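Asks: got a sequence here, can you build the structure:
(2 chains)
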2 protein chains.
Amino acid sequence: MGHAITLSIDAMGGDNAPDSVIDGIAKRAKRDPDIRFLLHGDTAAIEKRLAKRKILEGRVDIRHADDVIEMDAKPSVAVRRGRNSSLWHALESVRDGEASAMVSAGNTGAMMAMALFCLRRANGIDRPAIAALWPTNGAHDHCIVLDMGADVRADAADLAKYAVMGSEYARIALGADKPRVAVLNVGTEENKGRPEVKEAAESLRDMAERPDCAFQFTGFIEANAIPTGQADVIVTDGFTGNVALKAAEGTARFVGDHLRGAFEHHWSSRIAALFAVASLRRLKRRIDPRRVNGGVFLGLDGLAVKSHGSADATGFSAAVELAATMSRADVIKRIAAQLDMPHRTTPESGE
Amino acid sequence: MGHAITLSIDAMGGDNAPDSVIDGIAKRAKRDPDIRFLLHGDTAAIEKRLAKRKILEGRVDIRHADDVIEMDAKPSVAVRRGRNSSLWHALESVRDGEASAMVSAGNTGAMMAMALFCLRRANGIDRPAIAALWPTNGAHDHCIVLDMGADVRADAADLAKYAVMGSEYARIALGADKPRVAVLNVGTEENKGRPEVKEAAESLRDMAERPDCAFQFTGFIEANAIPTGQADVIVTDGFTGNVALKAAEGTARFVGDHLRGAFEHHWSSRIAALFAVASLRRLKRRIDPRRVNGGVFLGLDGLAVKSHGSADATGFSAAVELAATMSRADVIKRIAAQLDMPHRTTPESGE
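Replies: Coordinates of the predicted model:
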């Protein structure tokens, strides 16, 4: 699979923890013999579930943590009072170099607040971002959209840095050699959109013109074009990105519900459903959010991956796989190298 | 159908104008004998198509306009140089009281810029909004989301006024007696989101507490919950609203494409498709954007309805129906009455 790594796992985060967390790492461990795990959380609960997952024998260290950050805890409170939590301990293992990445299905806001405090921002980054994979019809099957909600605002300089960070992610996760970067906007004409979005586009156009730039810039993109795959990396502020992602999730669920309803409507459609089982399963598999689970925190001095809070074992194992891939590819160092390169002019740094 | 009205139609706006426009009003005219039409545009082209639509005989006045605003024209240029266009003339008929509403499938930005100039803002409104119907599983089958892109920004006072305007729309179009209003946000907790969004929520909470308030306030809503129908009116700035709508459109198309692909995959799924034709048609009909076509411009001193640019006759007739309903219900006057009521405290007006 790749070189041996250790991942730090928040065993208590998420709606189905610790069971789906442990089942998820077991699932991944079966396919990837070169991962070890540091499991942070309630020792008794973890040991109970571990006993059922023989594949993990000898590949896990349990680190007891007394507390669990609740899914609805305020981030500021979590940072102040959560130092005995499994989430904090899981981050500390990355900070201290014991693990090359951490994964949690816990509270996103608390995780970002704690990660900012524990791992700290990477050099030159003001606003870290959460990057997600979005299914497309394009050559790479997915594109990367960031920020998905780490911060409710982003200025032009932030957006330009999201492009740099997202491009490194795209090279690793999508295999896109020179990723096509676009800025999310409400139109594709140059005169449309908010000032920060137009300024970011100007800046990215300049950056992309340098011969050694690691990405292409394709201009503005509208949200309906995200699934076409015409861009590999799409940058936006975390408020807009989060709304876009959730609007897509809600629509997929709405269509799915009605599709089920349509097939239960009449005897002929019930027969159709029998014939269509395999097709519908294939469709579901293609757009199954569990198979592309994992928001990568970019712009920190350490690698943290957020699994969906309601992830089951399949979903959590996808997040673990993503953490392993990104960690083996050394994404944090690669981003740091890109951000330090002198040709990366941003509105903030000037030149 | 209702009392007799005259609608002003931009016959030249949209990708398929004037044919789909004329076919669309013919479609509506068949069902609603009490509408007359002022058709603005190229007389020859209009007459040619009209000759095929006997239902419109004696119910149409043609007003010649030399120019057409192109779909990609800059709004500022359209306002300066478009005074001989069908779009401008169609708006003028509303301003001059010849028609009670206008409909265009033309350039949205140009239409809003011209409408601001020609119809002017309603008293107390800084930022007019475009309100759209969004399909839901709720009691009313749709909810209303605004702003969909009239302005890329909205402050707390704007959002509060969107709630008032959207509620009147919801009462008319959805039959919601006391509409449930929510503010679009990236979480439902009070500590989340941008400052203007939090401030708008506080203000709406205060307004809704007054016994004579015409709406309920249900707090924040996330974009994935829009299709659940848990709110009747959802307010957001035009940048976010536009991105949400387009993310939903893109997802629906993505799922639809894969659904088609899934049914063409294998002999059993092709048989399934035969049995499922009726079901899939029902589903498509349920979420067909043509059946709920029409963005209503709210906050102007006159009624303007924007049809989708690529609308066919069915789509355009839906926009005409919406214009007729809103115009017969006197939505502009009702909104003005609501905005003038002394209890409508907004952060801007104070009290």
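
Asks: max-length helix in chain A?
Replies: helix A:238-263 (DSSP state H).

Asks: tell me how far that one lies from the chain's centre.
Replies: Remark: helix A:238-263 is offset 19 Å from the chain centroid, using C-alpha atoms, centre = their mean, to the nearest Å.

Asks: over to stretch A:155-173?
Replies: Distance, centroid of stretch A:155-173 to centroid of chain: 13 Å (C-alpha atoms, centre = their mean).

Asks: also stretch A:148-160?
Replies: Between the centre of stretch A:148-160 and the centre of its chain there are 15 Å (C-alpha atoms, centre = their mean).

Asks: just the strands in chain A please.
Replies: Remark: strands assigned in chain A by DSSP state E are A:5-10, A:35-41, A:60-64, A:101-104, A:129-135, A:142-146, A:180-184, A:216-221, A:233-235, A:295-298, A:304-306.

Asks: can you give me the angle the second one makes with strand A:5-10?
Replies: For strand A:35-41 against strand A:5-10, the angle between stretch directions is 20 degrees (axes from the mean of the first three to the mean of the last three C-alpha atoms, to 10 degrees).

Asks: just the fifth one next, same as before
Replies: Between the direction of strand A:129-135 and that of strand A:5-10, the angle (the same axes, to 10 degrees) works out to 100 degrees.

Asks: mind giving me the packing neighbours of strand A:129-135?
Replies: On a contact count with 3 or more C-beta pairs under 8 Å, 6 or more residues apart in numbering or on different chains; DSSP states H and E, strand A:129-135 meets strand A:142-146, helix A:156-173, helix A:238-263, strand A:295-298. Every C-beta, even on glycine, is put in place using the N, C-alpha and C of the backbone.

Asks: wait, which of those is closest to chain B?
Replies: helix A:238-263 (3.7 Å; C-beta to the nearest C-beta).

Asks: for that closest one, buried residues please.
Replies: Judged by neighbour count (16 or more other C-beta atoms under 10 Å in any protein chain shown), helix A:238-263 contains these buried residues: A:238-255, A:258-259, A:262-263.

Asks: next: stretch A:141-152.
Replies: Across stretch A:141-152, burial judged by 16+ other C-beta under 10 Å covers A:142-152.

Asks: tabulate those (JSON lines), appending distance to residue B:169 and pLDDT.
Replies: Rendered in JSON lines, the data for the buried residues of stretch A:141-152 read as follows (distance: C-beta to C-beta, whole Å; pLDDT from 0 to 100):
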{"residue": "A:142", "distance to residue B:169": "38", "pLDDT": "93"}
{"residue": "A:143", "distance to residue B:169": "35", "pLDDT": "96"}
{"residue": "A:144", "distance to residue B:169": "37", "pLDDT": "97"}
{"residue": "A:145", "distance to residue B:169": "31", "pLDDT": "97"}
{"residue": "A:146", "distance to residue B:169": "35", "pLDDT": "96"}
{"residue": "A:147", "distance to residue B:169": "32", "pLDDT": "96"}
{"residue": "A:148", "distance to residue B:169": "31", "pLDDT": "95"}
{"residue": "A:149", "distance to residue B:169": "30", "pLDDT": "92"}
{"residue": "A:150", "distance to residue B:169": "35", "pLDDT": "93"}
{"residue": "A:151", "distance to residue B:169": "33", "pLDDT": "93"}
{"residue": "A:152", "distance to residue B:169": "28", "pLDDT": "93"}
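
Asks: of those residues, which are in range of chain B?
Replies: A:149, A:152 (C-beta under 8 Å from any C-beta of the partner chain).

Asks: export the buried residues of stretch A:141-152 to TSV and tack on distance to residue B:120?
Replies: Output for these, formatted as TSV (distance: C-beta to C-beta, whole Å):
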residue	distance to residue B:120
A:142	47
A:143	43
A:144	44
A:145	39
A:146	41
A:147	38
A:148	40
A:149	39
A:150	42
A:151	38
A:152	34
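
Asks: now stretch A:60-80: average pLDDT?
Replies: In this model, stretch A:60-80 has an average pLDDT of 95.

Asks: who touches it?
Replies: Residues from elsewhere that reach stretch A:60-80 (C-beta atoms under 8 Å, 6 or more residues apart in numbering or on different chains): A:12-15, A:17, A:25, A:36-43, A:46-47, A:50, A:82, A:84-89, A:93, A:106-107, A:109-110, A:112-114, A:117, A:309, B:189, B:191.

Asks: and that stretch, end to end?
Replies: Using C-alpha to C-alpha, to the nearest Å, the end-to-end distance of stretch A:60-80 comes out at 29 Å.

Asks: quick check: buried residues in it?
Replies: Within stretch A:60-80, the residues that count as buried by 16+ other C-beta under 10 Å are A:60, A:62-63, A:65, A:67-69, A:71, A:73-75, A:78-79.
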